[in-house]
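> below: sequence and its predicted model.
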Amino acid sequence: MRTPAGRPAGPDARGSGPSSASIQVERLSGRSLVTRYAVTGLLTLLVVAVVTAYASRLLGIQEAVDDARRATRVVAGVAVEPALQDELLTGDPGAIAALDTLVRREVLRNWLVRVKIWDRTGRVLYSDEPRLIGQQFGLRGDELDSFVTGTTKAELSNLSDPENRYENRDTELLEVYLPVRTPNGERVLFEAYYRYAGVTRAGQRIWLRFAPYSLGALLLLSLAQAPIAIAMARRLRRNQAQREALLRRAIEATDAERRRIAADLHDGVVQNLAGVAFSLGAATRRGGADARQSREAADRVRQAVQSLRSLLVEIYPPNLYEEGLAAALADLAAGPGTHGIEAEVAITAPLDRLGVAETELIYRVAQEGLRNVVAHAAASRVDIRVTAEDGATVLRITDDGRGMDLEHLPSRPGHLGLRALADLAHEVGAALIVESAPGAGTTLMLEVPAR
């Protein structure tokens with residue numbers, strides 16, 4: 001399992017096994033940045049549109065409910081209240097019939113579908129549904145509050161209430177009620193029922209009128225910011241190109257300096273020590289009182305020469321170009337041996353297909369990986385494997401050391417070399433990956449695609 005560099009990786013399918021982090025630097029072209037900006041802008045526009053539509057619909061519904069309140073006050077004050085008779089309070093058929101004629105001719109229309117008039121006890125004095133007249137249900141909550149305070153109230157009807165048993169259960173209703181007075185001043189409660197679908201349609205109409213302006217303004221804002229995003233993308237790409245050029249020059253300068261140091265050591269210190277070892281060996285063969293000391297000194301000098309030659313190979317590997325990558329990796333593997341770490345090299349991939357850049361990259365990654373094993377891993381064994389997998393050449397450096405937590409890998413001291421190598425890997429389309437966990441060892445893996 002792999003995660004981007006610096007992000008914690010969870011346990012693999014086997015439990016709390018090693019996690020991995022891909023050490024690579026993201027390259028963003030100007031086009032990709034502009035595409036990201038466009039996609040982000042469209043997603044933002046979509047989210048804002050959805051939120052705006054929802055909010056506008058709620059506002060539209062609230063406005064439609066307010067319209068229903070206003071319409072109810074007009075109907076109650078202009079049409080119903082003047083037609084009320086005191087005899088309605090006693091259930092007089094003539095008063096009921098006169099009011100019914102008025103309601104059906106002047107009130108019931110469009111989305112207003114039901115009318116009721118209640119007395120203070122909750123008895124239905126009149127309804128255009130005649131089966132309700134004379135029945136008593138009682139007043140509750142907002143109905144009683146409206147009756148007492150004289151305010152207009154509105155709410156979604158509960159169609160399961162007994163008073164609504166004759167309504168179609170599939171049609172939502174909005175009920176609005178306010179008190180009116182009979183000629184003798186007796187207060188009764190006028191209640192009007194509206195189709196709630198009409199209310200929501202009114203909300204949608206408000207949203208549709210509002211949407212072109214809000215979404216159009218957002219779209220214009222996004223378009224106005226597009227030139228800024230394009231300019232920033234170009235500037236970022238230039239900065240990336242400058243950074244890559246500086247990195248290449250730094251590595252080339254490092255190579256030149258390594259060659260100079262290697263030449264100076266080989267032609268100076270190593271030759272001198274080799275001469276001293278030869279002279280001490282000759283003195284030992286001649287015998288004498290100091291033969292044992294001379295032999296010990298010669299052994300120490302030979303060990304120093306061997307260590308220096310290993311250091312020369314690490315600083316600048318001439319056999320990488322003269323004898324090939326396999327010999328260079330074998331020489332590298334001798335380095336951990338001087339620190340008591342057993343190292344083994346196994347190569348099964350065809351190396352002749354690799355270009356110069358890929359060859360140098362594999363060598364550098366192996367060099368840095370073995371350096372980290374010696375410096376940080378506290379390992380007893382390290383394996384260097386070069387294999388061919390799915391058309392790619394894969395280098396794996398696996399140790400049995402202490403391992404590490406990859407969560408903060410990019411900021412760990414001693415791993416800046418890996419970050420630089422990750423940049424080089426990207427140049428040839430390769431990927432550098434670390435797999436590790438505390439106490440489980442570490443694997444450094446380089447995947448180099450086929451050319």
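Now that the structure is in, tell me what you want to look at.
> any idea whether residue 343 is helix, strand or coil?
Three-state secondary structure (criterion: DSSP: H, G, I helix; E, B strand; the rest coil) places residue 343 in strand.
> what about the nearest residue to residue 120 once chain neighbours are set aside, helix or strand, and which?
Excluding the flanking residues, the one nearest residue 120 by C-beta to C-beta, 6 or more residues apart in numbering is residue 147, at 6.6 Å. To be clear about C-beta, it is placed using only N, CA and C from the backbone, and glycine gets the same treatment. Taking DSSP states H and E as the definition, residue 147 sits inside helix 141-149.
> just give the number of residues close to the residue nearest to residue 120.
Residues contacting residue 147 under the criterion other C-beta atoms under 10 Å number 21.
> for residue 158, same thing?
Residue 158 has 11 neighbours, counted by other C-beta under 10 Å.
> same question, residue 109
Neighbourhood size, residue 109 [other C-beta under 10 Å]: 10.
> tell me which helix or strand residue 44 sits in.
Secondary structure assignment for residue 44, by DSSP H and E: helix 30-74.
> per-residue confidence at residue 420?
According to the prediction, residue 420 has pLDDT 70.
> host element of it?
helix 416-427.
> tell me the angle of the very next helix or strand once past that helix relative to helix 416-427?
For helix 416-427, the following helix or strand on the C-terminal side (DSSP H and E) is strand 431-436. Interaxial angle, strand 431-436 versus helix 416-427 (axes from the mean of the first three to the mean of the last three C-alpha atoms, to 10 degrees): 140 degrees.
> mind exporting the helix holding residue 147 as CSV, just the C-alpha atoms?
Extracted C-alpha coordinates of helix 141-149, given in CSV (Å, rounded to 0.1, in the frame of the first residue of the first chain):
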residue,chain,number,x,y,z
GLY,A,141,-51.9,25.7,20.2
ASP,A,142,-51.7,28.3,17.5
GLU,A,143,-55.4,28.2,16.9
LEU,A,144,-56.2,29.2,20.4
ASP,A,145,-53.4,31.7,20.5
SER,A,146,-54.8,33.3,17.3
PHE,A,147,-58.3,33.4,18.7
VAL,A,148,-57.1,35.1,21.9
THR,A,149,-54.5,37.5,20.5
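> picking that back up, pretty sure the residue nearest to residue 120 sits against residue 190.
No: assessed by C-beta atoms under 8 Å, residue 147 is found out of contact with residue 190, at 10.3 Å.
> strands along this structure, start to end?
Under the criterion DSSP state E, strands of the chain are mapped to 3-4, 19-23, 112-118, 124-127, 153-156, 173-181, 187-195, 342-347, 381-389, 392-399, 431-436, 442-448.
> turn those into a markdown table, including mean pLDDT, distance to residue 371 and mean neighbour count.
Putting these into a markdown table (pLDDT from 0 to 100; distance: least, C-beta to C-beta, whole Å; neighbours: other C-beta atoms under 10 Å) gives the following:
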| stretch | mean pLDDT | distance to residue 371 | mean neighbour count |
| --- | --- | --- | --- |
| strand 3-4 | 35 | 25 | 13 |
| strand 19-23 | 53 | 15 | 21 |
| strand 112-118 | 92 | 86 | 22 |
| strand 124-127 | 94 | 93 | 22 |
| strand 153-156 | 86 | 74 | 16 |
| strand 173-181 | 91 | 78 | 21 |
| strand 187-195 | 91 | 80 | 22 |
| strand 342-347 | 90 | 12 | 15 |
| strand 381-389 | 92 | 11 | 17 |
| strand 392-399 | 92 | 10 | 22 |
| strand 431-436 | 86 | 14 | 22 |
| strand 442-448 | 89 | 11 | 22 |
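> mind putting the ones you listed in a markdown table, distance to residue 241 included?
Listed next are these as a markdown table, based on distance: least, C-beta to C-beta, whole Å:
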| stretch | distance to residue 241 |
| --- | --- |
| strand 3-4 | 23 |
| strand 19-23 | 21 |
| strand 112-118 | 71 |
| strand 124-127 | 82 |
| strand 153-156 | 63 |
| strand 173-181 | 65 |
| strand 187-195 | 66 |
| strand 342-347 | 35 |
| strand 381-389 | 32 |
| strand 392-399 | 27 |
| strand 431-436 | 21 |
| strand 442-448 | 23 |
